[in-house]
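Engineer: the following block contains a protein sequence and its predicted model.
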Amino acid sequence: MQVAPAPFGTKIQLISLWVPAPVPGPGGLKKNNYLRSALRLRPWCETGREMNLNYSSKLLENAVAEFARLPGIGPKTALRMVLFMLRQEPEDVHRFSDALLQLKDGIKYCECCHNLSDTARCAICGDAGRDHSTVCVVESIRDVMSIENTMQYRGVYHVLGGVISPIDGVGPGDLTIGDLERRVQAGGVREVILALSTTMEGDMTNFYIYRKIKDSGVIVSTLARGVAVGDELEYADQLTLGRSIVHRTPFEDTFQSGNPA
Ligand SMILES: [Zn+2]
């Protein structure tokens with residue numbers, strides 16, 4: 001039987017196989033992380049042994065596979081890193097691996113704010129010079145570092161460990177919202193600043209927290225939202241520009257540095 005030739009212009013579809021991406025989440029590998037992993041697929045051709053690199057050593061292959069697990073690192077970059085490590089002095093490689101092991105074994109979460117710390121209570125919570133009646137709620141320690149870099153905030157923090165995201169299988173119970181409630185109810189907190197991402201999940205989490213603590217008598221505030229510094233108005237989206245007008249600020253506040261909170 002003769003197979004008719006494909007008509008001119010027929011596209012040949014390439015079938016790609018998608019596999020779950022590893023997603024380490026708060027609290028290690030739990031069922032929610034597996035769910036998140038399954039939802040965030042990535043092409044199989046981008047994973048571990050896909051590049052058909054001919055490894056001359058199983059040890060080399062294992063090391064490359066481990067480096068390739070890092071976020072944003074593909075197998076070729078992983079191979080370059082491994083070969084770099086191979087060129088280092090043995091004591092340098094030991095120092096590198098020891099730093100990782102000590103990090104994993106020794107790092108703690110602050111018992112008060114859940115920030116990463118070497119001690120049971122982090123340096124910020126242990127600083128008597130800070131305003132412990134103002135608590136800034138953030139998603140992760142990277143947000144703590146970002147706000148600290150502004151040098152405008154003198155209160156303390158509460159790290160949630162993420163935001164509520166049903167599609168990712170993250171519910172309120174996976175975050176430290178319960179600890180925040182207990183912290184507020186224990187007294188001594190005057191204001192809670194919600195500093196979460198301006199996404200639907202962030203807004204949902206803001207509202208959930210607000211409902212949980214609004215009856216405690218604390219002031220609940222959120223970060224100002226508006227046109228970013230350096231932006232031209234004609235390029236601002238309608239929602240941002242609209243919020244900027246609704247939440248306009250006195251002009252004097254724009255050139256006065258103000259006192260850190
Ligand atoms: Zn702390």
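Structural biologist: Noted; the coordinates are in hand.
Engineer: okay, Pro89 and the ion: tell me how far apart.
Structural biologist: One correction, residue 89 is Glu, not Pro. Using Cβ to the ion, to the nearest Å, Glu89 is found at 38 Å from the ion. Backbone N, C-alpha and C define where each C-beta goes, glycine included.
Engineer: backbone dihedrals for that residue, please?
Structural biologist: Per-residue torsions, Glu89: phi -70, psi 150 (degrees, to the nearest 10).
Engineer: again with the one 3 residues further on
Structural biologist: Geometry field for Asp92 lists phi and psi as phi -70, psi -40, criterion degrees, to the nearest 10.
Engineer: which non-adjacent residue is nearest Thr198?
Structural biologist: Spatial nearest neighbour of Thr198, chain neighbours left out: Arg225 (5.9 Å); criterion: Cβ to Cβ, 6 or more residues apart in numbering.
Engineer: close to the ion: what parts of the stretch 51-200 of the chain are there?
Structural biologist: With Cβ under 5 Å from the ion as the criterion, the stretch 51-200 of the chain comes near the ion at residues 110, 112-113, 115, 122, 125.
Engineer: and the two most separated of those residues?
Structural biologist: Pairwise distances across those peak at 8.4 Å for Cys112 and Asn115 (criterion: Cβ to Cβ).
Engineer: overlap in contacts, those two.
Structural biologist: Both Cys112 and Asn115 are in contact with 122, 125, where contact means Cβ atoms under 8 Å, 6 or more residues apart in numbering.
Engineer: contacting residues for the residue nearest to Thr198?
Structural biologist: Arg225 makes contact with 198, 240, 243-244, 247, according to Cβ under 8 Å, 6+ apart.
Engineer: let me see the ranges of the strands in this protein.
Structural biologist: 18-20, 41-43, 108-109, 116-117, 131-138, 155-159, 191-194, 219-222 (DSSP state E).
Engineer: roughly how far is stretch 101-119 from the heart of the chain?
Structural biologist: With Cα atoms, centre = their mean, to the nearest Å as the basis, stretch 101-119 stands 17 Å off its chain's centre.
Engineer: any idea which residue sits dead centre in the protein?
Structural biologist: For the chain, Ser140 is the residue whose C-alpha lies nearest the centre (Cα atoms, centre = their mean; 5.5 Å).
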